[in-house]
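*Asks:* Structure of the sequence below:
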Amino acid sequence: MRDRQPLSTLLSYALVAFTIEFDNEFEHVMPHRTSQSLTAGANRDHPWLVSMAMWLNCMQFVGPNGVKVGELDRLALTKTNLNGMKRWRYVDIVQDPTDARVRRPLRDWVIVATPGGAAAQQNWRSLGREIENRWRDRFGVAKVNRLVEAAFGISSRLDPLPECIPILGYGMFCNLPTFRVAPPPMPENRSLPVVLARVLLAFALEFERHSDVSLAVCANLLRLIPDDGMPSNRVPRLAGVSKEAIAMALGFLQTRGHIVHEFSTPDISGKVIRLTESGKAAQIRYSDLIWQIEEDWRTPIGFAETADLRAALEEIVVSADTSSPLFLGLNPYADGWRAKLRSPIGLPHFPMVLHRGGFPDGA
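*Replies:* Below is the predicted model:
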């Protein structure tokens, strides 16, 4: 099977492509701010642009009466960037008017949507269905329905998981919070990005139980480094992720002693990344482990179910480069921030969801 893409990579391609298409449409219809729009005199009361993850790990749980700070993580099953969402003008954090205590812990304060946050919620609620319908038109109803059912069939057998890839922590690991009180049961959700994210997250958590390097770092950086090294300024474009995300990953690998990142010779512009012996071992471990997990899943989940998910993904992904039909939905609007970037040559092998706004490529 190693002449094919790993299951985790196929899941990532589909999830990242869906997210970018979703985000491009949100940017198009939602009044917002970015660093570019501020220089053009954008309304400073408009919320800062963020990605779909911030809807799934935060705003979908902020009801008309708000949600208590201490309840949000339990409902979402993951942490959000609450300080960011407040700073970006999606939410305010206010005292509970029914709580008469003089000193109230932060967990008992209430998160409420700002006017801009409420407008964003309205757009986000409809966009998931809209993008999914686009995919059915683009790929065919039968193919998308097969993918949804295959991913849902596996995700429904898993322990409760968030509806998105969590904001990655130190080392870009998929850390999830623990709760003293059990979270409420998750409602059945057959939304395409949700079922893809849950299966991919389960895969990542299994990988990270057996690896001292996260799946995000292995798949998007460690995988790319050849034996003779490579210039670090080539990595972001090859990996399909932002310079900032790669810089964080490099820092972690260097701290762990898996790479050397240094100026090589005077005739080479910029620094070069080289694997140490432990880095080579981690690279081999990644290559072995991603296939071993898929093989191991065939026992508790079932051979047919795992094979059906792979087949459904391969029908939609088709290839690993820009010839993939996934790229048909990735052209940004002319005034979108992604239109200012070079066209991607590939997609991340794992979503780099960072505190910077939750974008799947760490942007």
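*Asks:* Mind checking what secondary structure residue 111 has?
*Replies:* Per DSSP: H, G, I helix; E, B strand; the rest coil, the secondary structure class of residue 111 is strand.
*Asks:* Least confident secondary structure element in this structure?
*Replies:* Of all helical and strand segments in the chain, the minimum by mean pLDDT, DSSP states H and E falls on helix 35-39, at a mean of 60.
*Asks:* would you put the C-alpha positions of whichever helix or strand comes after that helix in PDB?
*Replies:* Following helix 35-39 in sequence order, the next helix or strand is helix 52-56 (DSSP states H and E). In PDB, the C-alpha atoms belonging to helix 52-56 read as follows (Å, rounded to 0.1, in the frame of the first residue of the first chain):
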ATOM      1  CA  MET A  52     -14.000  27.600  10.400                       C
ATOM      2  CA  ALA A  53     -12.300  26.000  13.500                       C
ATOM      3  CA  MET A  54     -13.300  29.000  15.600                       C
ATOM      4  CA  TRP A  55     -16.900  28.400  14.700                       C
ATOM      5  CA  LEU A  56     -16.700  24.700  15.600                       C
END
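*Asks:* Could you list every helix and strand in contact with helix 52-56?
*Replies:* In terms of contacts (3 or more Cβ pairs under 8 Å, 6 or more residues apart in numbering; DSSP states H and E), helix 52-56 is packed against helix 7-29, helix 115-139, helix 192-208. Just so you know, the C-beta spots here come from the backbone N, C-alpha and C atoms, and that holds for glycine as well.
*Asks:* what does whatever helix or strand comes next after it contact?
*Replies:* Under the assignment DSSP H and E, the closest C-terminal helix or strand after helix 52-56 is strand 67-68. Residues from elsewhere that reach strand 67-68 (Cβ atoms under 8 Å, 6 or more residues apart in numbering): 61, 75, 96, 107-111.
*Asks:* Looking at these, which gets the smallest pLDDT?
*Replies:* Within those, residue 96 has the lowest pLDDT, namely 85.
*Asks:* Give the helix, strand or coil label for that one.
*Replies:* coil.
*Asks:* now it: how far from residue 76?
*Replies:* 20 Å (Cβ to Cβ, to the nearest Å).
*Asks:* higher neighbour count, these two?
*Replies:* Using other Cβ atoms under 10 Å as the criterion, residue 96 and residue 76 rank with residue 76 on top: 21 against 15.
*Asks:* For that one, which non-adjacent residue is closest in space?
*Replies:* Spatial nearest neighbour of residue 76, chain neighbours left out: residue 57 (4.9 Å); criterion: Cβ to Cβ, 6 or more residues apart in numbering.
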